[in-house]
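Asker: What would the 3D arrangement of this be:
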Amino acid sequence: MAGSPTRSIGRLLAGLMGVLLQVRRPRPIHTTGVLLEGRITWRPETAARSGIAWIDERGPDTPPAVVARFSRGASLPAALPDVLGLAVRFRTPRGPADLLLSTTGFGVPGRFVLAPRRTPGGAWFSTLMPYRGSDGPVQVAARSRTPSELPAHLEDLRGALEQEPWILELLFATPAGRWHRFADLELRPAPGPIDRPEPRFDAVRNPPPGAGTYGWTRRLREPAYARARLG
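Answerer: Next comes the predicted model:
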C-alpha cells in the first residue's frame, strides 16, 4: 500500500499543511471562526437504519450538549465565497466525538464536491467522505434551516445568533441514497471570546460511536491532520 494513490495524495496534502503552517498558526485552514454551543435533539426513530450506533440508538432522553465551531475554510474576506466548515463535538462514554462538516451539494455527485458559499444561511453541509457503518458506507449531513438568512462576517454572525439560535437538521444517507433526518441541532454563541485555539476537532481520531473509517479515507486525511496538529 506504500505506493497507493490515496497515500500519495495524503502526503501531498500534509506537505501543503506544512507550508500553510509557516504563515498560519495555530490552524493552517479554517483559521478564524465562531465558537458555538448547544444541543442535539433526537427525532423519533424510523425504519431507516444507518448502521452507525450513535444514530440508530438515538442516545439518552436528555438532549446531548455540544460545542461547535463555524469557520471559513480559506479564511477569505467575507465578501467572497469560501468553503464553510462546521465542526461539532459531543461527549460519549469513550470520550469526545467529532463531526466535521463542509459545504457541499445535496444530490449525487454534488454531495462529494466542496461548494463555496458566502453565508451559512440555507447552506448544506456534509462529511464529504463516508463513515464505515455496519451495513456499508454512510454520509452525515446538516441542513441549515433557520434563520433563513445569516451574515457572512463572523462578528455579525455571532451577533445574529445571540438574537436567534441557528437550527440545523442532521441527516444520514448511503452514498447514492436518499437523506434521512435523525436529529436537530441548535447552536448559539459560546460565552467569552469569539474564537479560541481550543478545542481542536479531529474526525479521524474521534469518530461518533459505531462509525468506523475506511483505510483510503484515513490515508487521505490522517497525514494532513497530524501536520495540522503541530500548529
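Asker: what's the average pLDDT for stretch 33-42?
Answerer: Averaging pLDDT along stretch 33-42 gives 96.
Asker: cool, and stretch 90-106?
Answerer: 93.
Asker: Same check on stretch 173-184?
Answerer: 96.
Asker: Need the distance between the two termini of it.
Answerer: Using C-alpha to C-alpha, to the nearest Å, one end of stretch 173-184 lies 16 Å from the other.
Asker: before we move on, what about stretch 134-152?
Answerer: For stretch 134-152, the first-to-last residue distance is 39 Å (C-alpha to C-alpha).
Asker: Run the chain-centre distance for that stretch.
Answerer: 9 Å (C-alpha atoms, centre = their mean, to the nearest Å).
Asker: And for stretch 148-162?
Answerer: For stretch 148-162, the distance to the chain centre is 19 Å (C-alpha atoms, centre = their mean).
Asker: Can you tell me what sits against that stretch?
Answerer: By C-beta atoms under 8 Å, 6 or more residues apart in numbering, the residues outside stretch 148-162 that reach it are 32-34, 36, 70, 72, 78-79, 118-122, 144, 147, 166, 187-189, 194-195. Backbone N, C-alpha and C define where each C-beta goes, glycine included.
Asker: Can you say which of those residues are buried?
Answerer: Among the contacts of stretch 148-162, those buried by neighbour count (16 or more other C-beta atoms under 10 Å) are 33-34, 36, 70, 72, 118-121, 144, 147, 166, 187-189, 195.
Asker: ok, the residues you listed vs residue 180, which is closest?
Answerer: If you rank those by distance to residue 180 using C-beta to C-beta, residue 144 comes first, at 17.7 Å.
Asker: re the thing from before, which pair of the buried ones among the contacts of stretch 148-162 spans the longest distance?
Answerer: Pairwise over the buried ones among the contacts of stretch 148-162, using C-beta to C-beta, the maximum falls at 118 and 188, 22.1 Å.
Asker: Mind checking which of the buried ones among the contacts of stretch 148-162 land in helices?
Answerer: The members of those all map outside helices under DSSP state H.
Asker: Tell me the one of these nearest residue 202?
Answerer: Closest approach to residue 202 among the buried ones among the contacts of stretch 148-162 (C-beta to C-beta): residue 33, at 15.6 Å.
Asker: That closest one against residue 73, yeah?
Answerer: No. Contact criterion C-beta atoms under 8 Å: residue 33 and residue 73 do not qualify, at 10.2 Å.
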